[in-house]
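Engineer: Pasting the sequence and the predicted coordinates here, then a few questions.
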Amino acid sequence: MRARMVRNYDPSNVMIVSAPWLVRRLFPLLVTVGVIATGMISTTWGPHLLGRSAWALPNDVWGTLIAARRLLHLDLSGLYTQPTGLVSFPGAALILVPVVAIIDAAGVGLTVPGPSNPHPGSWLYAGPYEMAISAVALFAADSIAERLGVSRPKRALLAVAEGVALWSVSVRWGHPEDAVAMALLLYGILALSDSRVRRSAWLIGVAVAIQPLVLLALPVILAVLEPRRLAGFLTRAAVPSALLLGAAAAANWHATIQAVTSQPNWPTIDHTTPWTWLAPHLSNGAVAAGPARVLAILLACGCALVVGRRWRATRQVTEWGPEALRELLWWVALTLAARCVFESVMVAYYLWPTLAVTLAVASSSWSRLIKTAVVASVLTVFAQAPWHDPWIWWSPVMAGLALTLFLARPSLSGVWPATPEWYRHWRSRYGQPG
């Protein structure tokens, strides 16, 4: 165990915590700038090089922008009515309200891209903004790596790999709510590792209000809480979603409940899976994704039982060490992967939450990080293929997702190593890294 502690020890990483924020978060900051620059160039100028007249813009973000405009004007009854297409919680629209206010002030308009509007000026505002808020996930992953004692060269590679994976959810598909929610989830887990239970509950609660996908990780997180903390944690975590959903439901009960519970998706547009034919069929060729997700929830609860048992059996100190945090994050990644396994209709960006967490877990080892980064990058690119046959697209994608989890897996030994002295010194002197 002494040799293991020496390998984890990195004096430069301990001292860098006292450096200015810009120095500590330099790598995710540089990658953020790169994502925004390349994202805007590829969506506006890139199509011109391929002989196309229209910009190559993410289709999904426009409906959420329209929902954000309705939210800005307090039109809550229209939040879940066409053409918003919103099926997530209202927080997904709320995070886009600032840029919609700027677009309105500029008088640009929010006309959806199409043959009559091939170069929407609103993208010049919305694009950089949604990519920037999506990049919060890069900073959260870097904070995780810093807490795990990862050296700065590894954190540089981690930032690049996370940026490549983020491209799918942000630039290609336009779902900043997934990235923002995952960032808040990771920060919430960090707060919990510092015994800041209330802060953790509020962060995770806001994450759920933005993208309820993170609910899959909640059973595992609850499994490591002291029983006396559960009621308060759940109450705080439920408040943001209850307030936002309650307001939307009060304004338009039918549209809100139908969108949130049925979760419609279109197999003719996206990727079919072996579960597509078992899903309830809705109007306009859509199927309900909601019922199949019950299986993912059950699997997440099963993971929580395993984690809770291991936590009680192996945790010997009240202070979390790097090994405990790494293992908990891996189980979180596994629960997030359950969504992809049981999804009725798959979209490429659904893979991103699992890839983001597994990359952070794998960052402590060069070999694991490089292998996981390569597989995650290849999987991100491969998932963009338009094939609809589940055995041609879904099967290889699930195999790749399983491989990333396998490569990033921590040591699941019976006993965690004692908290290293360097880590105790770091925590007592600098506290939680931001």
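Structural biologist: Here it is on my side, so go on.
Engineer: what about the residue nearest the centre of the chain, is that helix, strand or coil?
Structural biologist: Ranked by distance to the mean C-alpha position of the chain (CA atoms, centre = their mean), the top residue is M182 at 3.2 Å. Following DSSP: H, G, I helix; E, B strand; the rest coil, the label given to M182 is helix.
Engineer: OK, contacts around it?
Structural biologist: By CB atoms under 8 Å, 6 or more residues apart in numbering, the contact list for M182 reads A137, A140, A207, Q211, V214, W352, P353, A356, V357. From N, CA and C alone the C-beta is placed, and that goes for glycine too.
Engineer: now the fourth one, nearest residue through space, not along the chain?
Structural biologist: Nearest-residue entry for Q211: A181, 3.6 Å, with adjacent residues in sequence omitted and distances by CB to CB, 6 or more residues apart in numbering.
Engineer: Quick check, pLDDT for that neighbour.
Structural biologist: With respect to pLDDT, A181 scores 98.
Engineer: got it, and P240?
Structural biologist: For P240, the model assigns a pLDDT of 97.
Engineer: One more: the one 5 residues further on?
Structural biologist: Taken from the predicted model, the pLDDT recorded for L245 is 95.
Engineer: G188 versus that one, what's the distance?
Structural biologist: Going from L245 to G188 by CB to CB, to the nearest Å gives 20 Å.
Engineer: neighbour-wise, which of those two wins?
Structural biologist: Higher neighbour count among L245 and G188: G188, with 25 against 18, using other CB atoms under 10 Å.
Engineer: Helix or strand: which one has that one?
Structural biologist: For G188, the element it lies in under DSSP states H and E is helix 176-193.
Engineer: Following element in sequence after that helix, please.
Structural biologist: Counting by DSSP H and E, what follows helix 176-193 is helix 197-210.
Engineer: Pull out the buried residues from whichever helix or strand comes after that following helix.
Structural biologist: Next along the chain after helix 197-210, taking DSSP H and E as the criterion, comes helix 218-223. Using 16 or more other CB atoms under 10 Å as the test for burial, helix 218-223 gives L218, P219, V220, I221, L222, A223.
Engineer: And for stretch 65-77?
Structural biologist: L65, I66, A67, A68, R69, R70, L71, L72, L76.
Engineer: The third one belongs to a helix, doesn't it?
Structural biologist: Which is A67. Yes: assigned with three-state DSSP, A67 falls within a helix.
Engineer: Go ahead and confirm it touches T84.
Structural biologist: Yes: counting by CB atoms under 8 Å, T84 is a contact partner of A67 at 4.0 Å.
Engineer: who touches both of the two?
Structural biologist: Contacts common to A67 and T84, judged by CB under 8 Å, 6+ apart, are G78, A93.
Engineer: Identify the residues contacting A132.
Structural biologist: Each residue near A132 by CB under 8 Å, 6+ apart is listed here: T32, I36.
Engineer: element containing it, please.
Structural biologist: Using DSSP H and E, A132 falls within helix 123-134.
Engineer: How about residues contacting whichever helix or strand comes after that helix?
Structural biologist: Going down the chain from helix 123-134, the next helix or strand is helix 136-147, by DSSP H and E. For helix 136-147, the surrounding residues in contact (CB under 8 Å, 6+ apart) are 13, 16-17, 24-25, 27-29, 31-32, 154-155, 158-159, 162-163, 166, 179-180, 182-184, 186-187, 189-190, 193, 322, 325, 329, 356, 359-360, 363-364, 432-434.
Engineer: Strands of the stretch 201-350 of the chain, start to end?
Structural biologist: 264-265, 271-272, 287-288, 345-346 (DSSP state E, counting those that start in this stretch).
Engineer: Mean neighbour count, mean pLDDT and distance to R236 added to those, as a markdown table?
Structural biologist: Below are the strands of the stretch 201-350 of the chain laid out as a markdown table (neighbours: other CB atoms under 10 Å; pLDDT from 0 to 100; distance: least, CB to CB, whole Å):
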| stretch | mean neighbour count | mean pLDDT | distance to R236 |
| --- | --- | --- | --- |
| strand 264-265 | 22 | 81 | 31 |
| strand 271-272 | 22 | 90 | 37 |
| strand 287-288 | 21 | 82 | 31 |
| strand 345-346 | 25 | 91 | 33 |
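Engineer: Quick check: M40 vs S122, distance?
Structural biologist: 13 Å.
Engineer: My error: substitute S168 in the last question.
Structural biologist: Using CB to CB, S168 is found at 22 Å from S122.
Engineer: What of S134?
Structural biologist: Distance from S134 to S122, by CB to CB: 17 Å.
Engineer: of these two, who's got more company?
Structural biologist: Each of S134 and S122 has its neighbours counted (other CB under 10 Å); S134 has more, 29 against 23.
Engineer: That one contacts L166, correct?
Structural biologist: Yes: the criterion here is CB under 8 Å, and S134 meets it with L166 at 6.1 Å.
Engineer: Would you mind listing the residues touching both of the two?
Structural biologist: Listed as contacting both S134 and L166 by CB under 8 Å, 6+ apart are V35, A179.
Engineer: Surely S411 and E323 touch.
Structural biologist: Yes: at 7.2 Å, S411 counts as touching E323 under the criterion of CB under 8 Å.
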